[in-house]
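K.L.:
Whatever this is, show me its structure:
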Amino acid sequence: MVIPRLGWWWVATPVLALGVVAFAAGHVRLAGFVLAGGLLMAALIRAVLPTALSGGLVVRSRVVDVATMALLGVTLAVITASLDLRPRG
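P.N.:
Numbering: from 1, shown residues only. Reported below is the predicted structural model:
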């Protein structure tokens, strides 16, 4: 049995992990934009690199993978931008 290599998956992973850390630290808006950027970076990597080098980013076909990650990234950015984080009194 051959274990598949992760390829360029490791490039987007630290960005996504940084977003989770920012969220845990209470920086919700920053975390949302960092996570959205990580998803868009993963979509770009999947779109540009051949399947053999994309590794852990390959789930379905290239079009489905890129469309899913890009749509999630843009949606998260829009939702984050529209958040009202002012305290209510």
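K.L.:
Okay, now the unreliable bits of this structure?
P.N.:
1-4 (pLDDT under 70).
K.L.:
can you map out the helices along it?
P.N.:
Using DSSP state H, the helices of the chain run over 9-24, 28-48, 51-54, 62-81.
K.L.:
Residue 30: neighbouring residues, count only.
P.N.:
Applying the criterion other C-beta atoms under 10 Å, we find 15 residues in the vicinity of residue 30. All C-beta spots, glycine's among them, are computed from the backbone N, C-alpha and C.
K.L.:
that older thread, with residue 87 as the reference, name the closest of the helices of the chain.
P.N.:
helix 28-48 (12.9 Å; C-beta to C-beta).
K.L.:
still on that earlier bit, with distance to residue 87 added, can I get the helices of the chain in CSV?
P.N.:
Converted to CSV, the helices of the chain look like this (distance: least, C-beta to C-beta, whole Å):
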stretch, distance to residue 87
helix 9-24, 18
helix 28-48, 13
helix 51-54, 43
helix 62-81, 18
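K.L.:
Looking at the ones you listed, which one is packed in the most?
P.N.:
helix 28-48 (a mean of 19; mean count of other C-beta atoms under 10 Å).
K.L.:
Now that helix - C-alpha only, CSV.
P.N.:
Provided in CSV are the C-alpha atoms of helix 28-48 (Å, rounded to 0.1, in the frame of the first residue of the first chain):
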residue,chain,number,x,y,z
VAL,A,28,-13.0,37.1,15.6
ARG,A,29,-12.8,39.5,12.7
LEU,A,30,-9.1,38.8,12.1
ALA,A,31,-9.6,35.1,12.4
GLY,A,32,-12.4,35.2,9.8
PHE,A,33,-10.3,37.0,7.3
VAL,A,34,-7.2,34.8,7.9
LEU,A,35,-9.3,31.7,7.5
ALA,A,36,-10.9,33.1,4.3
GLY,A,37,-7.4,33.9,3.0
GLY,A,38,-6.3,30.4,3.8
LEU,A,39,-9.2,28.9,1.9
LEU,A,40,-8.5,31.2,-1.1
MET,A,41,-4.8,30.3,-1.0
ALA,A,42,-5.7,26.6,-1.0
ALA,A,43,-8.0,27.1,-3.9
LEU,A,44,-5.3,28.9,-5.8
ILE,A,45,-2.8,26.2,-5.1
ARG,A,46,-5.2,23.5,-6.3
ALA,A,47,-6.0,25.5,-9.4
VAL,A,48,-2.4,26.1,-10.4
